[in-house]
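Enquirer: sharing a model prediction with you, sequence too.
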Amino acid sequence: MNKEQFVKQRVSEMSIEEKVGQCFVIGYVGATVTPEIIRRIKTYKPAGIRAGLMWRIRTVKHDPNGTNTDFASRLQRPYKGTIKDFLPDIPVPHFTNEEFCEYVNTLKQAAIENGNVPLHFTFDFEGDVSADYYRGGVKYFPSCMGIAHSNDKNLAKDVAWAVGRQLAPLGFSWIHSPVLDVNTNPKNPEIGARSYAENPDEVADYAVEALKGFKEAGIIATGKHFPGRGESAADAHHGLPVIDASKETLYEEHIKPYKKMIDAGLPAVMTAHTAYPALDDSGLPATLSKKIITGILKEELGFKGVVTTDEITMGGIISKFEVKDACLEAINAGCDLVLLRDEGGLIDEVIPALVQAVKEGRLSEERLNDAVTRTLSVKYDYGFFENEQIREVAKASEGINDPKVQEIALRAAKQAMNVVRDENNVLPLKEGTKALFVYQVNPVHERTNTQSCNPATPWLEMLKYSDDVYCVESKMKYPEEDRKRVYERIDEADVIIVTNYFDRRNPDSGNSFVKELHEKTNKPIIVVTNSPYQFTIQDEYKTVICTYSSSVESFKELANVIFKGDGNVR
């Protein structure tokens, strides 16, 4: 039996309820198995699970930054049964890679025992502060723009392979990368360095290599966010952005990488919660636009793979629609998977509502069949029906401990490092120079919080070169009490090193403080950032180093550049 026959038979054996379930990827974070998640898997038979470790449960209460809280009533439902009614802001417990693999296997087994299609586990691992897994010694990498800064396209392939090599043995199988957005707007608060470049050909070239790396590692790649979020001046997590670019501009600059990726065999595409009047004058976000998803992506570009929505409860959607209505419109528009990460009781309204929509003729079974066929076809290509994706627990750490992964992490950190300028002529620091290192607690370091990767890691790497590096640790936005601590110690140092990280969850970064610091002292200041844009770099900053990264390896390289001067000015 060939693939087409196999998939057709599986789809024909499914009930309407099963087909609807196969159109959903549901959220479940942490690593705690509850009766509720087993019930959801067995009752609704979703296609996949979107995992993560940032919260112990993900709802609008626990992740208010992920949506528009003005419309929280469209998401909030009473807790019941064994839904995790947890407090926010308590970190996920530490566990070993083997324990996490066992957890993933347990959820996958629940699906298999129920006669379901094998579950996929999906995740983000874009680079820099984007990492959905940070246990067991996992290695981090620079952002896409940092990788492109290397001028080495092979690095994109190697990093993608290394991400997959680490996470596939744990049970992950589908990634929401690579980012195909062309960052044409330097004031874009959501994309920025998540993009490979500001040029569509460069984005496509690096993304094609990343696709090869993910595939070699056995990971299903997803290009995002169609038809392009790079020109946006707003964050779709909080509202519906409108991109007023012309049709010609959208095709030549933003859709172009998708055509190249489709030709290269891209298996999945994620949609943008953004309106494009030049492509659809209805005002609908692309996710809900049949003209854009079916007309352009599937018919005009000939995409035969899986189309998934971005998180359907983001502000760009719920500011305009009830969630169950948005899910229906997304599938009717041509989306094959709906990403529903909310872990509250919303799912018990949404999926039954779509089943009812089929029975009432508002969602055709033909559209359902096409959606499920696409997902099953991709899973067939990646061997889901041969091994059911159950991983060998004893080998869970093999990828993370692979020496080749470590080598790639070191190489990526070095090649991404960029001395933007050194107009102060302070690099490298002269022997005996006293430096005050003022640093923000990096979110990745805080979440990882191991002996080798914790908030103090950047400082500890510098102490390997000199005992005369003094530290002041601060929260991301440099609150007043932290600024006071800095000013109390400023006289101790000859030079000040200060971080100015950009994190889209804290978009103000530390710019106001770093500007203030330049006004308050004439001492040389070295600004360390992860973004090349004005969110973190201003004209008055005379010495700037951009790491594009939060990895331990990047801070090792940063210390090397500051004390040995081995960085390249580009």
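Expert: Looks like it arrived, so ask away. Numbering: from 1, shown residues only.
Enquirer: just the CA atoms from stretch 344-355 would do, formatted as PDB, please.
Expert: What follows is stretch 344-355, C-alpha atoms only, in PDB (Å, rounded to 0.1, in the frame of the first residue of the first chain):
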ATOM      1  CA  GLY A 344      -8.300  26.100  30.600                       C
ATOM      2  CA  GLY A 345     -11.800  24.800  29.800                       C
ATOM      3  CA  LEU A 346     -12.000  26.500  26.400                       C
ATOM      4  CA  ILE A 347     -11.300  23.300  24.500                       C
ATOM      5  CA  ASP A 348     -14.500  21.700  25.700                       C
ATOM      6  CA  GLU A 349     -16.400  24.500  23.900                       C
ATOM      7  CA  VAL A 350     -14.300  24.800  20.800                       C
ATOM      8  CA  ILE A 351     -14.000  21.300  19.500                       C
ATOM      9  CA  PRO A 352     -17.700  20.300  20.100                       C
ATOM     10  CA  ALA A 353     -18.700  23.600  18.300                       C
ATOM     11  CA  LEU A 354     -16.700  22.600  15.200                       C
ATOM     12  CA  VAL A 355     -18.200  19.100  15.200                       C
END
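Enquirer: where are the low-confidence patches of this protein?
Expert: Residue ranges of the chain with pLDDT under 70: 507-508, 566-570.
Enquirer: and the most far-flung residue of it relative to its centre, how close does it get to residue 33?
Expert: Going by Cα atoms, centre = their mean, the residue of the chain most distant from its centre is residue 432, 41.4 Å out. Using Cβ to Cβ, to the nearest Å, residue 432 is found at 56 Å from residue 33. Glycine gets a C-beta too; all of them are placed from N, C-alpha and C.
Enquirer: same check, this time on residue 301
Expert: Residue 301 is 40 Å from residue 33, by Cβ to Cβ.
Enquirer: the two: who's more crowded?
Expert: Neighbour comparison, residue 301 and residue 33: the larger count goes to residue 301, with 18 against 15 (by other Cβ atoms under 10 Å).
Enquirer: you'd agree that one is up against residue 257?
Expert: No - Residue 301 lies out of contact with residue 257 (Cβ atoms under 8 Å); the separation is 11.2 Å.
Enquirer: any idea where the helices of the stretch 51-200 of the chain begin and end?
Expert: For the stretch 51-200 of the chain, the helices defined by DSSP state H, counting those that start in this stretch cover 97-113, 144-149, 153-167, 200-216.
Enquirer: distance between the shortest one and the chain's centre?
Expert: In other words, helix 144-149. Its chain's C-alpha centre lies 15 Å from the corresponding centre of helix 144-149 when counted by Cα atoms, centre = their mean, to the nearest Å.
Enquirer: helices or strands up against it?
Expert: Where contact means 3 or more Cβ pairs under 8 Å, 6 or more residues apart in numbering; DSSP states H and E, helix 144-149 is packed against helix 153-167, helix 200-216, helix 403-416.
Enquirer: redo these as JSON lines? Include mean neighbour count.
Expert: What follows is the helices and strands packed on helix 144-149, written out as JSON lines (neighbours: other Cβ atoms under 10 Å):
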{"stretch": "helix 153-167", "mean neighbour count": "24"}
{"stretch": "helix 200-216", "mean neighbour count": "22"}
{"stretch": "helix 403-416", "mean neighbour count": "20"}
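Enquirer: one step back: how close does the residue farthest from the centre of the chain sit to residue 25?
Expert: 56 Å.
Enquirer: can you give the distance of stretch 368-376 from its chain's centre?
Expert: Distance, centroid of stretch 368-376 to centroid of chain: 25 Å (Cα atoms, centre = their mean).
Enquirer: give the buried residues for it.
Expert: Within stretch 368-376, the residues that count as buried by 16 or more other Cβ atoms under 10 Å are 368, 370-376.
Enquirer: spatially central, which residue of this protein would that be?
Expert: residue 124 (3.7 Å).
Enquirer: near residue 268, how many other residues are there?
Expert: 23.
Enquirer: equivalent analysis for residue 87, please.
Expert: So residue 87, with other Cβ under 10 Å, has 9 neighbours.
Enquirer: and for residue 377?
Expert: 18.
Enquirer: doesn't it belong to a helix?
Expert: Yes - if the criterion is DSSP: H, G, I helix; E, B strand; the rest coil, then residue 377 is within a helix.
Enquirer: pretty sure it is touching residue 7, no?
Expert: Yes - here residue 377 reaches residue 7: they are 5.4 Å apart, a contact under Cβ under 8 Å.
Enquirer: so what are the domain limits for this protein?
Expert: 3-395, 417-564 (automatic domain parsing).
Enquirer: quick one: which of those is nearest residue 408?
Expert: Among these, the nearest to residue 408 by Cβ to Cβ is domain 3-395 (4.4 Å).
Enquirer: what's the end-to-end length of that closest one?
Expert: 30 Å (Cα to Cα, to the nearest Å).
Enquirer: not counting sequence-adjacent ones, nearest residue to residue 164?
Expert: residue 217 (2.5 Å; Cβ to Cβ, 6 or more residues apart in numbering).
Enquirer: circling back: so what's the residue nearest to the centre of the chain up against?
Expert: 52, 130-132, 175-177 (Cβ atoms under 8 Å, 6 or more residues apart in numbering).
Enquirer: mind checking which of those land in strands?
Expert: Members of the contacts of residue 124 lying in strands (criterion: DSSP state E): residue 175.
Enquirer: what ranges does the protein have for its strands?
Expert: Under DSSP E, the chain gives strands at 24-27, 48-50, 120-123, 174-175, 222-226, 268-271, 306-311, 337-340, 418-422, 435-440, 469-474, 495-499, 525-529, 543-546.
Enquirer: distance to residue 144 for those strands - can I get that in TSV?
Expert: Listed next are the strands of the chain as TSV, based on distance: least, Cβ to Cβ, whole Å:
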stretch	distance to residue 144
strand 24-27	23
strand 48-50	20
strand 120-123	16
strand 174-175	13
strand 222-226	11
strand 268-271	15
strand 306-311	17
strand 337-340	21
strand 418-422	14
strand 435-440	22
strand 469-474	27
strand 495-499	21
strand 525-529	16
strand 543-546	14
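Enquirer: got the contact list for residue 85?
Expert: residue 79.
Enquirer: go again with 10 Å.
Expert: 57, 59, 61, 78-79, 344 (Cβ atoms under 10 Å, 6 or more residues apart in numbering).
Enquirer: quick one, which of those are buried?
Expert: Of these, these count as buried by 16+ other Cβ under 10 Å: 57, 59, 61, 344.
Enquirer: which among those gets closest to residue 90?
Expert: Closest to residue 90, out of all of the buried ones among the contacts of residue 85 and judged by Cβ to Cβ, is residue 57, at 10.2 Å.
Enquirer: that closest one and residue 105: what is the separation?
Expert: For residue 57, the distance to residue 105 - Cβ to Cβ - is 21 Å.
Enquirer: now swap in residue 349 and tell me
Expert: 30 Å.
Enquirer: and the two? which has more neighbours close in?
Expert: residue 105 (20 against 13).
Enquirer: got the contact list for that one?
Expert: 112, 170-171, 388-393, 396 are the contacts of residue 105 under Cβ under 10 Å, 6+ apart.
Enquirer: try residue 407
Expert: Contacts for residue 407 (Cβ under 10 Å, 6+ apart) come out as 158, 162.
Enquirer: re earlier: any shared contact partners between residue 301 and residue 257?
Expert: residue 226.
Enquirer: for residue 99, which non-adjacent residue is closest in space?
Expert: Nearest residue to residue 99, sequence neighbours excluded (Cβ to Cβ, 6+ apart): residue 31, at 6.9 Å.
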